[in-house]
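**Student:** need a 3D model of the following:
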Amino acid sequence: GSIVAMVTPFREDGSVNFAALTELLERQVAEGTDAILTLGTTGEYPTMSHEEDAAVVAHTIRVVNGRVPVIVGSGSNCTATQVEKSIEYQDMGADALLLISPYYNKANTEGMYRHFADTADKVHIPCILYNVPGRTGCSIPISVVERLSKHPNIVGIKEASGDMGYAMKVARFVGPDFAMYSGNDDITLPILAAGGSGVISVYANVMPKMCHEIVMDYLNGNQAQALANTLKYLNLMNDLFIEVNPIPVKTAMNMMGLKAGPMRLPLCEMSAEHQATLRKTMEEAGLV
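**Tutor:** So this is what the prediction gives:
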């Protein structure tokens, strides 16, 4: 289904706006989002302290209260830290974990495998791999994905490379015990066509009901409607990446009155030119 990659709303002083987070979570549940991902890239976790991370996770789990699964990004480029955070979030009540490939320091093939496998060995909730080489500077080798797909505690991959050739190779490993999720809203349908199960979506922050409908229409056999709605909102999906995520999606939400708040440095407000482009697209979509 549609898994929203939640923003973390901040106040103007930079603190986490928990009241706004409650409102945003309630909106997601009410509009049919199938699961919540917190502390992903869109949640700006690299700029948050460990204490803030834990507070956001605890708040999200408490507000959602079991109505949909809560997935927590516990990834780190230090495997020991990833293990520590994974155990902590599991004990707090997370339903699943999102584990990232080791950015900056990278790894050789065996180290990449152990980075994920050692974490999955030490928790008992499902783990999802996260392949986003544009962020990490390294892709998870296909041979490593194949090995990890057989791990009893690794249940899927968020494929955010944008490379359909890579996704097609991953598709060979998709089955009852290993799912593939699109990490790019603009190619959700091709990923679904390759056997994917849904999307971990930035766009769903803006239009959660439509994002859910697109995925469910496709999975339920109404591919024509899924395609029509994707093409209808494709400009918006693309413009949500007109600058580095989550700058555009937070800007769009603020235009809608959704209280996403500012970004934390090194992210900052969009350029005036891009704001004008995004506003025009939002107007065409009937959102402002």
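**Student:** so where do the strands sit in the stretch 1-150 of the chain?
**Tutor:** Using DSSP state E, counting those that start in this stretch, the strands of the stretch 1-150 of the chain run over residues 2-5, 35-38, 70-73, 96-100, 127-131.
**Student:** in TSV: those, plus mean pLDDT, distance to R114 and mean neighbour count.
**Tutor:** Quick note: C-beta positions are derived from backbone N, CA and C, even for glycine. Listed next are the strands of the stretch 1-150 of the chain as TSV, based on pLDDT from 0 to 100; distance: least, C-beta to C-beta, whole Å; neighbours: other C-beta atoms under 10 Å:
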stretch	mean pLDDT	distance to R114	mean neighbour count
strand 2-5	98	26	30
strand 35-38	98	24	25
strand 70-73	98	20	28
strand 96-100	98	12	25
strand 127-131	97	13	25
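**Student:** quick one: which of those is nearest K169?
**Tutor:** Of all those, it is strand 127-131 that lies closest to K169, at 11.3 Å by C-beta to C-beta.
**Student:** helices along the stretch 51-200 of the chain, start to end?
**Tutor:** Here the stretch 51-200 of the chain has its helices, by DSSP state H, counting those that start in this stretch, at 79-92, 109-121, 133-136, 142-149, 164-170, 188-193.
**Student:** sorry, back to before: A179: which of the strands of the stretch 1-150 of the chain is closest?
**Tutor:** strand 127-131 (8.2 Å).
**Student:** next, the angle helix 109-121 makes with the closest one.
**Tutor:** Inter-element angle recorded for strand 127-131 and helix 109-121: 150 degrees (by axes from the mean of the first three to the mean of the last three C-alpha atoms, to 10 degrees).
**Student:** who touches strand 127-131?
**Tutor:** Contact with strand 127-131 is made by 71, 73, 75, 86, 96-101, 116, 119-120, 139-140, 145, 148, 153-161, 166, 181, 183, as judged by C-beta atoms under 8 Å, 6 or more residues apart in numbering.
**Student:** for that strand, list the C-alpha coordinates in CSV.
**Tutor:** Extracted in CSV, the C-alpha atoms of strand 127-131 (Å, rounded to 0.1, in the frame of the first residue of the first chain):
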residue,chain,number,x,y,z
CYS,A,127,13.4,-5.0,8.7
ILE,A,128,13.3,-3.2,5.3
LEU,A,129,16.4,-2.4,3.4
TYR,A,130,16.8,1.1,2.0
ASN,A,131,18.6,1.6,-1.2
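**Student:** so which residues make contact with stretch 155-167?
**Tutor:** Contacts of stretch 155-167 (C-beta under 8 Å, 6+ apart): 96, 98, 126-135, 139-140, 142, 145, 149, 170, 177-184, 187, 190-191, 194, 196-197, 200.
**Student:** one more time with 6 Å
**Tutor:** With contacts defined as C-beta atoms under 6 Å, 6 or more residues apart in numbering, stretch 155-167 is touched by 126, 128-133, 178-181, 183-184, 190-191, 194, 200.
**Student:** list the buried ones in that stretch?
**Tutor:** Neighbour-count burial for stretch 155-167, counted by 16 or more other C-beta atoms under 10 Å, picks out V155, G156, I157, K158, E159, A160, S161, D163, M164, Y166, A167.
**Student:** quick one: the last one and V244, what's the gap?
**Tutor:** A167 sits at a distance of 23 Å from V244 (criterion: C-beta to C-beta, to the nearest Å).
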